[in-house]
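structural data only, the sequence is not supplied:
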């Protein structure tokens with residue numbers, strides 16, 4: 001891969017040699033392309049970026065397939081657990097020991113049954129979560145309001161890449 005530091009130096013030298021080119025964006029870009037290795041480096045970067053994107057896509061596909069397989073095994077494990085429970089219940093066995101595992105049927109824990117609107121419960125039986133509404137804060141700051149502890153940042157330049 002080309003050395004970005006050398007290319008940066010080539011660009012700096014070009015700007016010092018021909019400062020008038022910097023004012024004309026088209027002439028500057030043409031000079032960068034013809035007098036430095038910047039565009040060669042950008043082409044290499046683009047090839048590597050595309051390879052990384054392709055690998056990420058392939059991995060996402062593999063992950064999706066593995067997750068489907070995992071879900072099947074999870075369901076199979078649940079089915080085997082249910083089957084073992086049914087067999088032990090039918091045989092009135094509370095415990096079965098073997099080299100691989102020990103199965104035992106135990107009493108479950110109590111569950112809370114029911115549902116109601118939390119507002120209808122006494123305050124001592126309610127749980128409330130308070131958090132900052134970041135979208136509302138952003139809109140308030142854009143409208144010129146002051147919100148203690150918050151401010152809007154300057155937008156940073158971003159690279160846009162279009163491919164055919």
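In hand now; what should we look at? Predicted model, so just to flag it, every value in this text is computed and none were measured.

for this protein, what spans make up the helices?
Along the chain, the segments classed as helices by DSSP state H run 4-17, 19-23, 25-35, 38-90, 134-142.

reformat the ones you listed as JSON lines; add mean pLDDT and mean neighbour count.
For the C-beta atoms, the positions are set from N, CA and C on the backbone; glycine is no exception. Formatted as JSON lines, those follow (pLDDT from 0 to 100; neighbours: other CB atoms under 10 Å):
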{"stretch": "helix 4-17", "mean pLDDT": "93", "mean neighbour count": "13"}
{"stretch": "helix 19-23", "mean pLDDT": "91", "mean neighbour count": "11"}
{"stretch": "helix 25-35", "mean pLDDT": "93", "mean neighbour count": "13"}
{"stretch": "helix 38-90", "mean pLDDT": "96", "mean neighbour count": "11"}
{"stretch": "helix 134-142", "mean pLDDT": "95", "mean neighbour count": "12"}
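
now these in CSV, please, with extra columns for distance to residue 164.
Shown next, in CSV, are those (distance: least, CB to CB, whole Å):
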stretch, distance to residue 164
helix 4-17, 25
helix 19-23, 29
helix 25-35, 19
helix 38-90, 11
helix 134-142, 36
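
what's the closest of those helices to residue 153?
With CB to CB, the closest approach to residue 153 among those belongs to helix 134-142: 10.4 Å.

residues contacting that closest one, please?
Outside helix 134-142, the residues that touch it by CB atoms under 8 Å, 6 or more residues apart in numbering are 147, 150-152.

switch to 10 Å and redo it
If you take CB atoms under 10 Å, 6 or more residues apart in numbering as the criterion, helix 134-142 is touched by 133, 145-147, 149-152.

returning to what we had before: between the helices of the chain, which gets nearest to residue 163?
Across the helices of the chain, residue 163 has its closest neighbour in helix 38-90 (7.5 Å, CB to CB).

of the helices of the chain, which is nearest residue 127?
For the helices of the chain, proximity to residue 127 was assessed by CB to CB; helix 134-142 is nearest, at 21.9 Å.

show me what contacts the closest residue to residue 4 other than its chain neighbours?
Distance criterion CB to CB, 6 or more residues apart in numbering; nearest residue to residue 4, sequence neighbours excluded, is residue 41 at 6.6 Å. Listed by CB under 10 Å, 6+ apart, the contact set of residue 41 reads 1-4, 6-7.

gap between the two ends of stretch 135-151?
Counting by CA to CA, to the nearest Å, you get 12 Å between the two ends of stretch 135-151.
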